[in-house]
Structure formats: structure tokens, C-alpha cells
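**Student:** Starting from these lines, generate the structure:
(chains A, B, C and D, ligands or ions: 4)
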Amino acid sequence: MIRIEARPSTPRAMTLGIPVLSALIALALAAIPLLAAGANPIAAYGEMLRGVFGSVFAVSEMLTRATPLIFTGLAAALAFRARLWNIGAEGQLYLGAMAAVAVGSGALDIPGLFLLPLIVVLGAAAGAAGMVVPTFLKVRFGADEVVTTLLLNFIILIFLQMMLEGPLQDPMGLGWPQSAPVLDQGMLPPLMDRMRVHAGLIVALVLAVLAQFMLARSVWGFRLRAVGENAAAARHAGIGVNRSLFGVAILSGGLAGLAGVSEVAGLKGYLTADLSPGFGYTGIVVAMLAGLSPAGVVIAALFIASVFVGADSMSRAMGVSSFLADLVVSMSLLCVLVGGFIARYRLVWVRAGKAAR
Amino acid sequence: AEKVKVAAIYTLPVEQQWISRIHKALNTAAERGDIDYVFSENVANTDYERVMREYAEQGVQLIMGEVFGLERAARKVAKDYPDTAFLMGSSFGPVAPNFSVFDNWIHEPSYLTGMVAGAATESNVIGMVGGYAIPEVNRLMHAFMDGAREVNPDVTFIVNFIDSWYDPPKAKESAFAMMDAGADVMYAERFGVSDAAVERGVKAIGNVIDTAGAYPGTIMASALWHMEATVDKAISNVAAGTFEAADYGQYSFMAYGGGSLVMDESLVAPETVEAVKAKEAEIMDGLFRVNVNDDRPVSDN
Amino acid sequence: MTDHTVLRLNGLSKRFGTVLANDDVSLALHRGEVLALLGENGAGKTTLMNMLFGHYLPDAGTVQVAGPDGVLAPLPLGHPQAALAAGIGMVHQHFTLAENLNALDNITLGSEPLRALRRDRKSARQKIEGIIARSGLSAPLNVPVGRLSVGECQRVEILKALYRDARILVLDEPTAVLTPQEADTLFDNIKAMTRDGLSVIFISHKLREVLAFSDRIAVLRHGRKVGEMATADADEGAIARMMVGADTPKVAREAMAPGAPVLQLQGVTVPGRSPRDTLTDVTMTVHAHEILGIAGISGNGQSALARVISGLAVPQNGTIRVGEEQIARPGPATMVRAGVGRIPEDRHHEGIVGAMSVAENMVIERLDDPSVQARGLLRRGAIRAHAEALARAYDVRGPGVDARARLLSGGNIQKLILARVFEHAPRLILANQPTRGLDMGAAAEVGRRLLQARARGAGVVLISEDLDEVLSLADRILVIRDGQLVDTHSHDRERIGLMMAGEPA
Amino acid sequence: MMDLLNILLSESFWAASLRIATPLIFGVLGALICERAGVLNLGIEGIFVVGAMSGWMAVWLGAGLWGGVLVAALAGAFFGLLHAILTVPLGLSQHVSGLGITLFATSVSYFSYRTALPNVSSPPRIEPFQPLDVPILSDLPFLGPVLFQQTALTWLALLMVALVWYVMNRTALGVAIQAVGDNPDSVDAQGLSVYGLRMGAIVAGSALMALGGAFLTMSAFDAFFFGMVNGRGWVCIALVIFASWRPGKALLGALLFGAFDALQVRLQAEMGALVPGQIFLMVPYILSIIALVLTARSADYPRALLTPWFKGQR
Ligand SMILES: Nc1ncnc2c1ncn2[C@@H]1O[C@H](COP(=O)(O)OP(=O)(O)OP(=O)(O)O)[C@@H](O)[C@H]1O
Ligand SMILES: Nc1ncnc2c1ncn2[C@@H]1O[C@H](COP(=O)(O)OP(=O)(O)OP(=O)(O)O)[C@@H](O)[C@H]1O
Ligand SMILES: [Mg+2]
Ligand SMILES: [Mg+2]
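**Tutor:** Ligands and ions are numbered 1, 2, ... in the order given. The predicted structure is shown next:
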């Protein structure tokens, strides 16, 4: 019989070593699809490494892809801390992006000093609104937010399509369902010449640090943790549970909205219905890998981005199907999940018969 | 001669009709031994720019693909790699020195298939199922509708967009709904429509690719797109070092063999065949210009 | 009673991390015998029984059970299935019922092969009805268990064991949630069954029951068995000494003149979905220097009353006054600010946030206080220092104030809550089931603290299903029944018991 | 108005509703079983994909239609087992494991499809399930076309509704599954295996989900496409709650959703000129949320949903 026992404490080497080991195991497992596709795994790993760290360009691309994941990862981490299961970051991201182009692409031609903050604030507000609605339905009617946020993703995406063929459509866009570009002064500036990595990354990092600090050190964070760990006790102790939930809903939705702002005003410049290849959902994964810690979110986002960019680039170099990238990401995720388990628990083999005789 | 290194970047899998035509033309060129061909499919627009740069860095000579979702970014990349030739599906114009564009300008054969459909319908109701209402789609639908109206002024259209490039079951349901509303000829812009037509025994018109073999007795005519002319032209330009920024759209016109009509003459009335062939000749001779209309088509009520 | 041994535990040991929960415990049980297993909170009683039943695998030791032929045979350990097959039935300290199923399904769960294509509910029902007739333990069989009262749930638990033909019945604190009358009936029924050969081990902290119903007593302390005695030879003092290793001081209540009113409820009505959370037109006054006891069978509106006083329920009608102040918008925070200290009924569920530290739990009701925060940031040093002082003052023992509160034992969690409540000298204290599940020492400590607060001038509302506790602590006793309060004007056990049951006194 | 009435009275509309509902019926039943046992299975979207791909692939390789159905179920069961191992004995987050399974199952399907068929220009087709032509019944007015001209898989879905209802409500196994989703301790204390019941339920539920995917490639259509599942799995997650975890209501919910979808394509065709087509696309989702809001308070959740349970820890 196998028994699972919580480790009294996790050795330091293990906290650091196990995630790394898990990632390595995931890469080892990636050899299976590689061999199936007739590629040499050893060469592939080399290509993968080169794809992420081989050049300044590669690193900048990895950072570019990590940026929205930090935002959505933070969105999920904060909400999940309060046991508010926000699966709707994807939709909230698009709400933020819509708000950004609504004001940023010519509606207001004002200096960047005003326009950029306006875009950021409105984008965050739009995302926040997208999470406040399901939170209201939860608090008022008891409607499960996993489902409402999930369904809202679809509704928002369809709404987006409607907007891109209607009010938000670029009049110069030859009829394509896309928005007009954000004015130059409304764009988040790039961090490096000729590279795509942009100031959104800095914003994301600052917010991660801030979130980490507030969660651990502020009364607000205290309340949020209490509500998440035991809402009944928090309510009994006089903490406004609904207020905390709405607060975290606003932050979580706002962060997801910022992911949209950052993608549209930092990277693409205008909005299309395929702005996000599932950043909202991946954010959940990032948050959980991070153990719901904001600082961890940064590391997890960098990890996921590295694996994706590396595997994607490797698939091209090795001439195997580019679907390999998602496959490697998902295997890494599952391995790291199990690794996290092993760090917290140990399996004990017990022979049941012995004691009985 | 040295093989030209060509890479293609597609935002959808290579089975998608539109992309399959480019893929096919490049594969043909590769089989001929003219090029070394690699491709990445299903690349999200977010990642597209990185993939372009990766190929450019690898020294690929010609990069093909579609930049409808990232027109500006793509032109920026092209500027950063002036020695690489870019030939991209795009709604906008070329940019010197190295960024050329193309599009599926098969409105001409679409017009002709419209004539077939308009003549064939008995209920005077034609059903049209589209993916998204984007210019590339709208343009062909309007040409088709114009053609149908030319031969049959009483014809009405039911138009539906399923808001997905890929959902054959949904396209099929949409087609069934139109047949329930009286449509007896279907314009099959998406996969799934012809399947519904086969099940109900009504006729269909194909688009971009020739699926007549898969739906025997159903597809009366198809407007085909051929990328060979475009691709071969670009490859030879690159090989000769004469690649320039240009609009390759014309190579999709019928006159260049980029667009063509196929008809199953056993399913089409002889007088219609005759009328269509006459019109085809007019187009080839430049005597008739098919109107281009990019607006979203709507149902007649 | 014969001397025939039906169960033998030989040298069982079990370690959880650093805690040695059981250390080489041996025990024998005879046919038809009621053995009381006693010990302080955390002494290892539940752990021992869980090993017997197969929930835990012992680190060392063996168990032997007599078969139907009376011959002792080794029991395979670590398999509840095997224990059930050997005729061992266990009623756990916490209910193990599926609330969405009715009693019949809960009772038959696991007794039928899972592969069977159909169930024979008819004969199951007949068998259960037979057991009910024989044992006198009745419960509605067709209602989802979630809608039953705790007393009914407790009976369903025992029926579960009897349905599996248990010859050995383990009862882990079966009366912790029952009224004295319910408890007496339960034990009468069990006694009757022992005459048919049932053997019983029961765990309890209530010495009255132990002395009245057991034949023999075994005592655990810190995981070791420290003694056994025949109940006939035992008295409270002797048992307590064996459990704690020292005498426990008796709490004595001195007479005291009541002061000004500290809590007045006037015509308070709370509508609820079940009687448990309904109050109808309740009027009551609590004075300074007074402990007002609320007795009643569980599920008669105690929770609703407690929710009103702790600010969790907003009455539909009526007024609440704390001291002079009328509470316009009741809420937990308002109540705390008005000087109400609240000891919740369910300490794990409502009393603490188990995943947060002991120190954090100590300040959770006072987050706006300048000693806790400055400009929205926690003063972590101050919080910690405060917690350490408080833990010393109230003798909260455990792995330290930075440890998660859930790691504390039940008694220490209660002390944490007491510390939090008493620290700010509340003028009114709501104590809802404050000693439920606590051992004698811990319970006495709670009583002592409540009396201290009363002496200081606080008013106390003591809601308890343990009538003995109410009798010993309260100055005045009201009975709650069907959401209404009745003054008893008495301290007579018999009379109050009858009023609780709804009979005219 | 007349149009709407005409649509609602037409048999083809109801036949379409049932057809569109079929994959959802499989999916919602599968999700229901998992959640009844206390485990949320967000892997459903990916399990749909793997069912669609593997079932189709098996038929394409010559396994026969029912062979394809079996392969799809087995593939679903495999990914279900993975989810079960991660969430039951290991007790990992059900949300993340589920999303991970969706990503994994989807990418495995796509990667293997592409590796097996590297150079197709149009997707290869199979001979799919044909509508059953039950002799006399299919000629019945109204009921004939609606019920008796569906494919065998639709019938299988309806059969599954009855089967799941029977197992859940009339067998010891069903009672045990309901118990383990409400309070695992109740099952443990009665000598049943919490792990066994939960894992079994997830595996069985996932196999059913995969049939929903298989329907797409083997009945609704005859080829596999990337992205063809298109959110149908997620919809099932919402429908389970709408159905209060009851098979009968699950059927009703799936049918309602199917009906709205069928209505949507018909109305859009009629009124597309007046209203943006997207409005119609949104309707089923908005109605799901409204239904959820209306039923939420009365829904009795499996109390142990999302809560892992470890043996020997309480
Ligand atoms: N599953 C477990 N994991 C870790 N520690 C445990 C576990 N179960 C019990 N313990 C510890 O073992 C000791 C004995 O606990 P046990 O529950 O047996 O006490 P008890 O005598 O039943 O107490 P009470 O009277 O409060 O019910 C305690 O210190 C407890 O914290
Ligand atoms: N013949 C039977 N065999 C097995 N279980 C049964 C049988 N009859 C009823 N049950 C179970 O007993 C419980 C109550 O039965 P009943 O048939 O009254 O259910 P119900 O309340 O009407 O619920 P439903 O809405 O599912 O019909 C249910 O949980 C049901 O599953
Ligand atoms: Mg105990
Ligand atoms: Mg019934």
C-alpha cells in the first residue's frame, strides 16, 4: 500500500531543485513526440535552448510573450487567493483591449502624457467591470463564478467581433474586422531598439512586486487572505467578505484588462479578435504553478514563455509540426504540477500484512 | 541551379482551403526541385512577427504567408530584412523594396458560378454560408450574387456567417437551416455546406478548391484559385535576383490562370453552360469586368 | 456479563510527524461490556480507535477480534472493510454522513456489491426497521440526512454500525452534541443492546455519563494508557487525577447582584428556512454581573439567537440594544465595536482562519486598530509581540504564534478565541457551546474565565446544550424552544429538562 | 412572429436541435458523473478533441465505425485517468489539472494528427454514421423525422441519459458516487474506497465526454479539423450546473442549448439584415447565465466538489 504523508518541512534544496527537475523530466518526455516525428531529440534540445537564449532577439521575444502572462497570472493569483475562481481573464483581457482602442485610436487626440494613463486606467476599468458582473451574480444570486466567467469569455469574444465589424472598425481597414491603430503617443514605448519587448513588461513587474508586498503586509491583503482561507470565520470576525470579494474582483479583472492594454498598446498597435492565443487561460496555469504568489507568477510566466518560445522555434528548426510547442508546454505544466506535489508530500510504501501477523 | 529557400507562415492549419492553395503551389515547386520549402502552420498573430524574423535570420530567401492581422508589423519586419523577399497575402499595397502582396482575386470565376446557381435554382432561393464577413469573403459572395442575378432577376439570397473558419458541423447546421427556409442551391464557402447538400440532395457551388470528387452529383461548379502562377513568378524573380515590391494580385485573375472555373456539365443545363462559357470568354478578353464589392452581404428579405 | 474477551489491542503505536499519538497501548474488551475510554484532548483516543477500525495503519502492534465462534483471530490492519467484516462498528467523532442521501442510503452504503444491477431496498428497509424496533434508535429513513437534527444524525450513525451486524461498537464522543435527555435515552438503548451481547467502547468527556453507564474505565494520557479501573470503584476526583495527573480545581459561582442592562432584545424576529435558524418575537435582557444561560435541545433557534447577537443575522423585526446604544445596522464589526465579545459555536469553522497564523487570528477582529496597522500596513512586529503576550496570559500552547492556527488542538484553539475575546474587556460576552468537545481541564478553564468576566462587570449569554454546564454557571436560565424563549425561574434539572422537551412544567 | 412560429413547429428544427444537442448530451453526462463524485473536470474541452481525433483516425485506419467509437472512449478514459491520478490520490488543484489536461489532450491530438498526415491539402474523409431508418417509426408524422432519422450515436446519447439516471439513482454504485461527492468520509467509514470511486467516475465520465467529440467527426461530419470542438466542452460545464447534476435535466439543458443554436442559425438567416449576426450567437450563452442565476440558489452542489481527500487525514 502507498500512503501519502505531508512533509513536515520541505528542504531548501528541494524547493529549488524539484521544479527544475520536473521541467527537465518534461523535456525528457518531449523526446517521445520528437522521435515519433522522426527528429533527433538531442539536437532538438540544443535548438530549443538557442530559441530562447540564443540571441538578444530570442530573449526579448521570450520576455514579450511573458508580459501578458504576468498580468493574467497575477489576475488569477489574486482572485484565487480569495477563492474567487476567475476563469474569465481571457474575456477581461479583451475588454481592456477594447477600451484601449476605443479611447486610444483617435477618439481623443491629446498628448501622450495624458492619453497613455487614460488608456491604461480605462483598460483596467473595463477588465474590472468584466469581473465585477460575475462577482455580483455570485454574491447576490449564488451563481457559480467558474461558469459565469467561462461563459462571459464567449460572450465578450462575440461582442468583440461585433464591435470590430461595427463601431470599433477601422474605417481605413478595407473592411477587415480590426480596430484603428492606437495613436503613436498612446503606445507603451519599446524597451529596446528593433525589439518587440515593451514598457508593459515593466508595468507588469512593478505590479507583481506591489501585489506581493500588499498581500503579505497590508491590512487589505490580510482581509483577502482571511476571506479566501475561511470566509465564514472572516465574516464572523467582522471582515466585509463581499466588499473584499468585490475589491479583489476589481483588481483581478483590472489586471486582466491591463494584459489586453499591454498587448494592444504595447505590441500590436491595433485590436483584432485573435489578439490573445489563450493568455487568459494560461494565466491560470501560471498562477497555480506560482503557488498563487505574485512573485512566483513572474517566474512561472518566464518559464512558460521560455518553454513555448523555445519549443516553437525548435519545431521550425527540426522541421516537426509546430503543434509540438503546445505539447511541450502542457507536458511541462503537468510535470511541474506533480513535482510541486512531491515537494510538499512524500509517498510512503507500507506493507500492510506485516503489522497484522 | 541553386534551390531557392522558401518558408511559409500560415495562421491556420494547411487544410484550410485558402492556405491549402498556397501550400499546394509551394509543394509543387518543391517537388519540381525549384525550392527548399519549410512552413509553420497555425501561428498565432501574436507570434507571427517572431516567426518571420526567425526565418529571415535563418537566411530564407522568400517568405510567404498572410499578414491580414498584422499589416504594419509585417512591413516593419520586411524593412529590417531588406535582403529577404516577402510575398504576403494582404489587403494593402506593396512596400519597396522587398514587400509584395497577393490575395485571392477569384471574383471572376465566382461571378460565373453565380450564373450557374442562378439558372439552376427553382425555388429562387440560394443559401450562402460564410466564415467571417471579411473583404476576401464578401467580395466573392457579391460577385457570385451578381452573377446569379444576371441570369435570374428573381433570385433571393439567405446569408449566414458562422463566425469561425473551422466548424464544419456548424456550417452544416447552418446549411440545413437554409434548406429548411427553401434554398435549393448552396454556395459552399465553408467545409460542411456541401455535406448538407449531399444529404438533402440539393446542388452546391464550390469555392477556392475543387471538391466535386468528394460530393458526386452535388457540385455544379466551382470557382478555383491557383497560386501556381503567383508562386512561380515570385520564385523565378527571387532566383534571378529581380524580386521587387509588387502587387501579385493580378496573378490570381483568370487571365493569368490564377482563377478558373470548373463545371460539371452533366449537372448544368446546356444553355447555361453556353452562357457561362460566353461570359468566361468575355472576361478573358477583358470585355467584362466583374464588380468588386467588399461590404458584408446580407440576406434578401 | 461474562469474562469472554471479544477484542484485544496489543501494543499499538502511532506517530504523526513529531507527535507520538499512541504509545504501546494495549486494551481488552469483554462481551457485553461498556468500556469508557477517557483522556484529555489530544490524548490519543480517536487515533487508537481509528487504528482499530482500519483508518490508520499502526506503526506497531496488533489487533485480535473474536469471530462469531468466540475465538480470537488477528484482524488485518488498515482496512475498514476488514474491520466491518469482523463485526466492528464505529461512530466517528464527526459525522460521516452524506447529506444529500437519505438515512436508508447512508445506512446501506457499502453493504451491497457495487456491481449489482439493482438494489433490494425492501429487505434493507425491513432489516433497519427491525433494528429500530429492537434498539429504540429511530430516525426518518426517507429524508435527506442534511435535513435531520444532530440527534437524528447521531442515531443514523449508530444504525449504520448495527446494520452491518456490529458486535463491537465504538462510539467517539457520541453525546458531545446531544442534550442530557437525548444522551440518557441513547445510553439506555445501548445498555439494552449489551444485554444481547453487544460490546461497546465509548469516548466521552462527560464524567456524569461515564459514571452512570460504563462498566469499566480506561484512561489515556499523552498517548499512553495510564490506568484502568472498574466504574464501581471510581469517582470524579479519581478519574480526573488519572487523566491529568493532578487535581482539577472546581469552579464555584458566588452570588452577585446584577447591574445595569448590557443587552436588550425587544421583539426580535428572524425568519429562517428551518427551526434551527428561526427566532420569533424574542425579548430578553442581560445585565452586568450576570450569566444568562440558554438551555434547549439543539435546533430550536440557538443558532439564530447567536447569529443575532454576534451580528451575523439582521432581525426582520425588533430592536437590539447593547448598553445604552441601540444598534441600528447590526453587523459583526458593529457588534465588536459596541463591546460584544463572541465565542462562536463552531470554532474551526467560524472561530479561526486555520491557514493563517495564531498571531493573525488574534488580531483578526481589530484590523482597524492603530496597534495593528499604520496607514493600511500591518505592524507585524507589534502583532507578534501582542500575540506572544496573549498566548502567555491565556496559556495557549502549541507550536508558536507564527504557526498556522489549525495546528493547535481544539482546547488551545478555544483558548486563542478566549484570549481574543477577553483581552478587550467586552461588556457583553456571547458564549455559544463554549466547552463542546473540550476535556475537563479545558472546560473548567472556560468556566473560570466566564466567571471572571462576570465578576468584572460583564454580562454573559451562555448558550449550551450541556445542561449541567448551564446549571453550574448561569445566574438565570431561559429555555429556547421553537425559536422562542421561556424563563424557567429555576435551577431544577428535571423541570428544565421537561421544559426543553416542550412539556408544560 | 409568424416566422418564429413556423420555425418552432417545423420538424427539421427539432431534428436539428437534437442533432446539435447530441455531443452536449455526452459531454454534460460525463461532466455530471465526475462532479457527482466531487471532481471538476475542466479537461472536457481537450477530451472532446481527443475523442474527435482518435475516433476519426481509427475509422480512417480501418477500424470500423463502432471500433472508432470504442477507440474514442478509450482515449477519453486515458486522459480521464490522468486527470484522476492528478486530482484524486495526489489531490492537485482540479482547475489547473483540468486546464492542463485540455491543453495536453488538444496538443497531443493535433500533433499526432499532423505527424500521421503531414501533407494533406484537404482533410481525408470517412464514411460516417448514417441516419437510422427505422422502418415504420421513421414515417411517423413529426416524431419520425425528429427522432427516428438520427444516427446511432444520437440514440446512444439518449440511451446514456437513461443509463446514467438508472445507475445514479437505482444502484448501489450510484448511491456510493453521490456519497463520495458529498462527504468522502461517509464512504470511507463504510469500507468503500474513496479513491476507487472517484477515479472510476472520472474515467467513465471522461470516456463519455470523448464520445461527444467522436460524434463531431463520425456523425455530424466526416473529417477531423483543427479547432472543430470550438468551446462545446466548456458549454457542458455550464449545463451541468443548470441541470443540478441530474441526468434528466442535463438532457433538457442540452436540448435547450441545441434548440437555441438551431433557432439562431434560422433567425440569423431571416433577420441578418436587421441585427448583427453576433447577437444571435450570444443568445445561448446569455441564456445559460440567466438560467444559472435563476437556479443557483436552489442547486445543491455536491458538497465535496473541488475538495481533495487524503486517506488517513481528517
Ligand atoms: N491525521 C493526523 N495527522 C497529524 N496529527 C494527528 C492526526 N490525527 C491526530 N493527530 C494528533 O495526534 C494526537 C492525538 O489526537 P486524537 O485525535 O487521537 O486525540 P483525542 O484523544 O481523540 O482528542 P479529543 O478529545 O480532542 O478528540 C493529537 O496531538 C493530534 O493533534
Ligand atoms: N427502487 C429503488 N431502488 C433503488 N433506489 C431507489 C429506489 N427508489 C428510490 N430510490 C432512491 O431513494 C431516494 C428517494 O427515492 P424517490 O424515488 O422518492 O426519489 P425522488 O425524490 O422522487 O427523486 P427523483 O427526482 O430522482 O425521482 C432517491 O435517492 C432514489 O435514488
Ligand atoms: Mg477525539
Ligand atoms: Mg421521483
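**Student:** Now B:M178: which helix or strand?
**Tutor:** Element membership of B:M178, judged by DSSP states H and E, is helix B:168-180.
**Student:** avg pLDDT for that helix?
**Tutor:** Confidence for helix B:168-180, expressed as mean pLDDT, is 89.
**Student:** could you say what helices and strands that helix packs with?
**Tutor:** Counting contacts by 3 or more C-beta pairs under 8 Å, 6 or more residues apart in numbering or on different chains; DSSP states H and E, helix B:168-180 packs against strand B:125-130, strand B:156-161, strand B:185-188, helix B:193-200, helix D:11-36, helix D:247-271. All C-beta atoms are positioned from the backbone trio N, CA, C, and that covers glycine.
**Student:** any chance of those in a markdown table, plus distance to D:S93, mean neighbour count and mean pLDDT?
**Tutor:** Output for the helices and strands packed on helix B:168-180, formatted as a markdown table (distance: least, C-beta to C-beta, whole Å; neighbours: other C-beta atoms under 10 Å in any protein chain shown; pLDDT from 0 to 100):
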| stretch | distance to D:S93 | mean neighbour count | mean pLDDT |
| --- | --- | --- | --- |
| strand B:125-130 | 41 | 27 | 93 |
| strand B:156-161 | 38 | 25 | 90 |
| strand B:185-188 | 45 | 28 | 94 |
| helix B:193-200 | 41 | 23 | 91 |
| helix D:11-36 | 15 | 27 | 94 |
| helix D:247-271 | 25 | 22 | 86 |
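**Student:** next one: phi and psi at the nearest residue to C:M284 once chain neighbours are set aside?
**Tutor:** Among residues not flanking C:M284 along the chain, C:L265 sits closest, at 5.1 Å (C-beta to C-beta, 6 or more residues apart in numbering or on different chains). Main-chain dihedrals, C:L265, degrees, to the nearest 10: phi -100, psi 130.
**Student:** Dig out what C:L265 forms beta bridges with.
**Tutor:** Residues in a beta bridge with C:L265, per DSSP bridges, are C:M284, C:I320.
**Student:** and if you look at the one 5 residues further on?
**Tutor:** Per DSSP bridges, the residues bridged to C:V270 are C:L279.
**Student:** give the contact list for residue 217.
**Tutor:** No chain specified, so I'll use chain A. By C-beta atoms under 8 Å, 6 or more residues apart in numbering or on different chains, the contact list for A:R217 reads C:377-378, C:380.
**Student:** try again with chain C
**Tutor:** Listed by C-beta under 8 Å, 6+ apart, the contact set of C:I217 reads C:35-36, C:38, C:210, C:228-231, C:234, C:239.
**Student:** For those residues, which entry has the maximal number of neighbours?
**Tutor:** Neighbour tally across the contacts of C:I217 (other C-beta atoms under 10 Å in any protein chain shown): the maximum, 27 neighbours, falls on C:L38.
**Student:** Could you pull out the helices in the stretch 1-150 of chain B for me?
**Tutor:** Counting by DSSP state H, counting those that start in this stretch, the segments of the stretch 1-150 of chain B that form helices are B:17-32, B:45-57, B:71-80, B:107-120, B:135-151.
**Student:** that older thread, dump the helices and strands packed on helix B:168-180 into JSON lines; add distance to C:A133 as well.
**Tutor:** Converted to JSON lines, the helices and strands packed on helix B:168-180 look like this (distance: least, C-beta to C-beta, whole Å):
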{"stretch": "strand B:125-130", "distance to C:A133": "71"}
{"stretch": "strand B:156-161", "distance to C:A133": "69"}
{"stretch": "strand B:185-188", "distance to C:A133": "74"}
{"stretch": "helix B:193-200", "distance to C:A133": "66"}
{"stretch": "helix D:11-36", "distance to C:A133": "34"}
{"stretch": "helix D:247-271", "distance to C:A133": "37"}
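**Student:** pLDDT score assigned to residue 257?
**Tutor:** As the question left the chain open, I've gone with chain A. If you check A:G257, the pLDDT there is 98.
**Student:** should've been chain B
**Tutor:** The per-residue pLDDT reported for B:G257 equals 88.
**Student:** again with D:M2
**Tutor:** 51.
**Student:** so the residue nearest to C:M284 sits right up against C:G318, yeah?
**Tutor:** Yes: counting by C-beta atoms under 8 Å, C:L265 touches C:G318, with 6.6 Å between them.
**Student:** For D:N41, grab phi and psi.
**Tutor:** Recorded main-chain torsions at D:N41 are phi -120, psi 90, according to degrees, to the nearest 10.
**Student:** Leaving out sequence neighbours, find the closest residue to it.
**Tutor:** That would be D:C34: by C-beta to C-beta, 6+ apart, it lies 4.2 Å from D:N41.
**Student:** Surely the one you found is in contact with D:G43?
**Tutor:** No: checked against C-beta under 8 Å, the pair D:C34 and D:G43 is beyond contact range at 9.2 Å.
**Student:** residues shared between the contacts of the two?
**Tutor:** Taking C-beta under 8 Å, 6+ apart as the contact criterion, the common neighbours of D:C34 and D:G43 are D:80, D:206.
**Student:** quick one, strands of the stretch 201-350 of chain C?
**Tutor:** Taking DSSP state E, counting those that start in this stretch as the test, the strands found in the stretch 201-350 of chain C are C:216-221, C:224-230, C:261-270, C:279-287, C:290-295, C:317-322, C:325-326, C:340-343.
**Student:** what bridges to the closest residue to ligand 1 within the stretch 201-350 of chain A?
**Tutor:** Distances between the stretch 201-350 of chain A and ligand 1 by C-beta to the nearest ligand atom are smallest at A:Y345, namely 12.7 Å. Per DSSP bridges, residues listed as beta-bridge partners of A:Y345: A:A6.
**Student:** That one contacts A:M14, doesn't it?
**Tutor:** No: checked against C-beta under 8 Å, the pair A:Y345 and A:M14 is beyond contact range at 11.5 Å.
**Student:** Write out the residues of the stretch 51-200 of chain B neighbouring chain A.
**Tutor:** B:51, B:53-55, B:57, B:68-70, B:72-73, B:80, B:91-92, B:132-135, B:138, B:163 (C-beta under 8 Å from any C-beta of the partner chain).
**Student:** Only whichever of those are buried, select them in PyMOL.
**Tutor:** With 16 or more other C-beta atoms under 10 Å in any protein chain shown as the burial test, the buried ones among these are selected in PyMOL as follows:
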select buried, chain B and resi 51+53+54+55+68+69+70+73+91+92+132+133+134+135+138+163
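**Student:** What average pLDDT does stretch C:50-63 get?
**Tutor:** Per-residue scores along stretch C:50-63 average to 93.
**Student:** That stretch close to chain D?
**Tutor:** Yes: with C-beta under 8 Å from any C-beta as the measure, stretch C:50-63 is seen reaching chain D through C:55-57.
**Student:** what do you get for stretch C:169-178?
**Tutor:** No: judged by C-beta under 8 Å from any C-beta, stretch C:169-178 makes no contact with chain D; its nearest approach is 11.2 Å.
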